[in-house]
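Participant: Sequence and predicted structure below; questions after.
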Amino acid sequence: MKAEPRHAQVVFDLPLERVFDYQVPAGLALAPGQRVLAPFGRRKLQGVVVSCRDPERREGLKELERALDPSPVVSPALLEFTRWMADYYFCGWGEALALALPPQHNARQQVFIQAQDPARLQTALAGLSARQARSRAALQELARAGALALGDLQAQGLSPLLLKKGLQEGWLARQSRGPVAPAPGALAAPSVPPKLTAAQVTAGQALGDALAAGRGGAFLLHGITGSGKTEVYLHALEQALGSGGSAIVLVPEISLTPQTLARFNGRFPGQVAVLHSGLSAAERAKNWRLLAQGQRRVALGPRSALFAPLERLRLIVVDEESEPSYKQENPPRYHARDAALVRGRLEKAVVLLGSATPSFESWANAKAGKLRLLSLPGRVGACGLPSTQLLDLGRRQDAGNPLLPELEAQLETRLKAGEQSLIFLNRRGFAPALVCVKCGMALQCPHCSIALTFHKHNPSGGADERGWLLCHLCGHGQRPPRACPQPKCGGLLRVQGTGTQRLEEELARRFPRARIRRVDRDTAQARGFHQSLGEAMNAGQVDILVGTQMIAKGLDFPNLTLVGVINADASLNFPDFRAAERTFQLLVQVGGRAGRADKPGQVLVQTLRMDHPCLLAAAKQDFPAFFEEEHQERKALGYPPYGRLASLLLRSQDKAKAQAAAASLGEVLQAQALALKEPGLEVWGPAPAPLVEVKGWWRYRLLLKCPDHRGLHRLIKQGLAAWQAPHGVSLAVDVDPMSFL
Ligand code: ADP
Ligand code: ZN
């Protein structure tokens, strides 16, 4: 018999590099991957056992309190994977491990109140007096929802007497679970695979061979929207499951729609479990358990589903691998696509990245042979690509009209033909700025270094004939002043530029008969919004859809034949070296909304930069051509994919402190970089971040660059060891950063 371990190493969900040694109490059997309660300082914290070695120093070790699981909840493979994450992204091992733990849900069962007898509930409602407004509202909501958490009802002001009465009279009932929302996918009809096209067969075979060999492998599947990529994923999944394995399918947050669920569930009924923060805690915990026990073998979800507790993992699919949402912007700042490649390598699983517009990183990896490239040319169906044309904003005659004549004429044509149009403008609000006509100053947020956006109404309710100024970063809102507040100016203020509200008004003025629907964060707050938009579009109740990023992806309306982009330059001019790459992705995505069924689609893109290679290539949906053009500059500057970056952001509420800290860290790193003698290793900055102030925090950035990521890691490690953030300053390390704001 193996001796019980006498010591254990434990990590906590804290930004600490360290692993802590403990003594294991006699009689307690422990193994790596088990959660324990451990004394930590003066507190007791939950931690995870990562190993059971005898440490060199054994004196004075504290004893673990108790085990929280009867057996490990994290597999050795996931322990190793999260260890890699901690090293690579400079986060705590415990922070990374937290992503792999069973979702927390209250051990205490939540109590729900159910509307047991709706008719009698209505009678009770009718009997309420005018003074019982809060109880009335609570009961009305209950009547609508069917069941609500007791705590929520109490918070809404349901009187305890009324609750007791309802329970006694039997029109309310207590129960231990909430309304049973039909999982949309669960109802999907089982579907059979279509006969694959020749290109799909070729891709499928390559994947099948790799799956059969069992040694893993990494692939990039490139094909425009509608080229049949998802069918290839399904085919590969079938093979992975057929050999007794399990699989993870990652999708961008925004495309985790009922249709996606239905498609995977329909092909693999009863095998798919969704892991998503939108689920209730209990639902998530249940799905996690089903996966851990092997009762479900496909984990489907956004980036966090990469940590699904699967044994015999054979396949990881990353759909739309270039989507920015795969990067987590708070600790641990991991990129799920890159991490998927590592998990795949550790567990010998095949990793399949798919995209219509691959990231430069993946495309370069494919060219270097690190990813095997699989291509699907053309769309599966008869309908071809939408035709795309650039329209020259430089020829605009009427500055008051956001639409060039060609776009306006096409809108008119679609209206007459009874077809739908989509107009894209990535600027919500009425106008991006309120500007003084005398001194030219735009009104700024008092807490952030950006201009306040002019809205026609206060979004949190309340009419105001003078409109409302809103900060899109921190939410600060104020009434517009009557005149320029600059000392000794007092000039007139005028709105400048066009946001979606203003565009909607302009469209309504020019097309009085058109039914227009605006979609942005101001209109799309309500739950079930996407479904109601879909219904209205499909029922032909909308002629023109106006909106931001929110309508650029995933929508599929057969009668939508025209897409207009108001200003492609806004995205091209973004202060980020990936601006052109993102613009290309955006144009391909939004353009892909047009002509998805039998009617041909048309895309019109307004721009001042008629000969920009990104726009020319996007018009042809020619990703390789765009890459060839754009990658030269990246190479010359040593930017990804030809070099690695890390961002070190220093923040403080005290501007001088933030600046001083950034300067001192910069000096330390400069000196160390010189000593390291790593070819091409550079320290840039410190420089004020483009958004130098956000919510009252001042932000300065150092950028580290190196052709080889190991050089970067060595430098960061040394830097962190030699330098400590002064009081009141925080440092955020971001390896392979995707955002530089
Ligand atoms: P993508 O994921 O690249 O956007 P899909 O896999 O969703 O492409 O395919 C686009 C459409 O074509 C879908 O409606 C899909 O059902 C259909 N489709 C895909 N492959 C085939 C095939 N081999 N035969 C018939 N229809 C197919
Ligand atoms: Zn602000």
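Facilitator: Cool, the structure landed. Numbers count the residues shown, from 1 in each chain. Ligands and ions are numbered 1, 2, ... in the order given.
Participant: now residue 417: how far from residue 411?
Facilitator: 11 Å (CB to CB, to the nearest Å). The C-beta positions use only the backbone N, C-alpha and C, and glycine is treated the same way.
Participant: what do you get for residue 203?
Facilitator: Remark: distance between residue 203 and residue 411 (CB to CB) = 39 Å.
Participant: Residues of the stretch 351-500 of the chain that sit close to ligand 2?
Facilitator: With CB under 5 Å from the ion as the criterion, the stretch 351-500 of the chain meets ligand 2 at residues 445, 447-448, 471, 473-474, 476.
Participant: Of those, which is the most crowded?
Facilitator: Neighbour tally across those (other CB atoms under 10 Å): the maximum, 23 neighbours, falls on residue 445.
Participant: Once you drop chain neighbours, what's closest to that one?
Facilitator: Nearest-residue entry for residue 445: residue 471, 3.8 Å, with adjacent residues in sequence omitted and distances by CB to CB, 6 or more residues apart in numbering.
Participant: quick one: the one you found and residue 449 touch, right?
Facilitator: No - when contacts are counted by CB atoms under 8 Å, residue 471 is not listed as touching residue 449 (10.4 Å).
Participant: Now for whichever residue of the stretch 301-450 of the chain sits closest to ligand 1, which secondary structure element holds it?
Facilitator: Shortest the stretch 301-450 of the chain-to-ligand 1 distance, computed as CB to the nearest ligand atom: residue-wise this is residue 380, at 3.9 Å. Secondary-structure element containing residue 380, defined by DSSP states H and E: none, the residue being outside all helices and strands.
Participant: ok, now residue 665?
Facilitator: helix 655-676.
Participant: related to what we said a few turns ago, now for the residue nearest to residue 445: which residues touch it?
Facilitator: For residue 471, the contact set (CB atoms under 8 Å, 6 or more residues apart in numbering) comprises 445, 447-448, 450, 452-453, 477.
Participant: Could you pull up phi and psi at it?
Facilitator: With angles defined as degrees, to the nearest 10, residue 471 shows backbone torsions of phi -90, psi 120.
Participant: Per-residue confidence at the residue in the stretch 151-300 of the chain that ligand 2 sits nearest to, what does it come out as?
Facilitator: Of all residues in the stretch 151-300 of the chain, residue 253 sits closest to ligand 2, with a separation of 24.5 Å (CB to the ion). The score at residue 253 is 80. That number is its pLDDT.
Participant: now residue 15
Facilitator: At residue 15 the predicted local distance difference test score is 89.
Participant: Same question for residue 514.
Facilitator: Reading off the per-residue confidence, residue 514 sits at a pLDDT of 96.
Participant: can you check residue 184 too?
Facilitator: pLDDT, residue 184: 44.
Participant: ok, and the closest non-adjacent residue to the residue in the stretch 601-741 of the chain that ligand 2 sits nearest to?
Facilitator: Each residue of the stretch 601-741 of the chain has a distance to ligand 2, by CB to the ion, and the smallest belongs to residue 695, at 6.3 Å. With sequence-adjacent residues excluded and distances taken as CB to CB, 6+ apart, residue 695 is closest to residue 474, at 4.4 Å.
Participant: quick one on the thing from earlier: show the average pLDDT along the helix or strand just after the helix holding residue 665.
Facilitator: Secondary structure here is assigned by DSSP H and E; on that basis, the next helix or strand after helix 655-676 toward the C-terminus is strand 682-694. Per-residue pLDDT values over strand 682-694 give a mean of 93.
Participant: And strand 682-694, what's buried?
Facilitator: By neighbour count, and taking 16 or more other CB atoms under 10 Å as the criterion, the buried residues in strand 682-694 are 682-683, 685-686, 688-689, 692-694.
Participant: tell me the angle that strand makes with helix 655-676.
Facilitator: The directions of strand 682-694 and helix 655-676 differ by 160 degrees, with axes from the mean of the first three to the mean of the last three CA atoms, to 10 degrees as the criterion.
Participant: Show me which residues of this protein sit near ligand 1.
Facilitator: Applying CB under 6 Å from any ligand atom, we find that the chain lies next to ligand 1 at 194-197, 200, 223, 225-231, 380-381.
Participant: For those residues, which single residue is the most surrounded?
Facilitator: Result: residue 229 is most packed of these (other CB under 10 Å), 25 neighbours.
Participant: which outside residues touch stretch 572-587?
Facilitator: The list of residues contacting stretch 572-587 from outside it, by CB under 8 Å, 6+ apart, reads 322, 324, 357, 359-360, 388, 549, 552, 565, 568, 571, 603, 605, 607, 609, 612-615, 617-619, 623, 626, 630, 634, 637, 639, 690, 738-741.
Participant: Quick check: end-to-end length of that stretch?
Facilitator: 11 Å (CA to CA, to the nearest Å).
Participant: quick one: buried residues of it?
Facilitator: Residues 572, 574, 576, 578, 580-587 are the ones in stretch 572-587 that count as buried (16+ other CB under 10 Å).
Participant: will you turn those into JSON lines that also has secondary structure?
Facilitator: Formatted as JSON lines, the entries for those read as follows, by DSSP: H, G, I helix; E, B strand; the rest coil:
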{"residue": "572", "secondary structure": "helix"}
{"residue": "574", "secondary structure": "coil"}
{"residue": "576", "secondary structure": "coil"}
{"residue": "578", "secondary structure": "coil"}
{"residue": "580", "secondary structure": "helix"}
{"residue": "581", "secondary structure": "helix"}
{"residue": "582", "secondary structure": "helix"}
{"residue": "583", "secondary structure": "helix"}
{"residue": "584", "secondary structure": "helix"}
{"residue": "585", "secondary structure": "helix"}
{"residue": "586", "secondary structure": "helix"}
{"residue": "587", "secondary structure": "helix"}
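Participant: from these, which single one is nearest residue 647?
Facilitator: Ranked by distance to residue 647 (CB to CB), these are led by residue 576 at 11.7 Å.
Participant: ok, now how distant is the closest one from ligand 2?
Facilitator: Going from residue 576 to ligand 2 by CB to the ion, to the nearest Å gives 20 Å.
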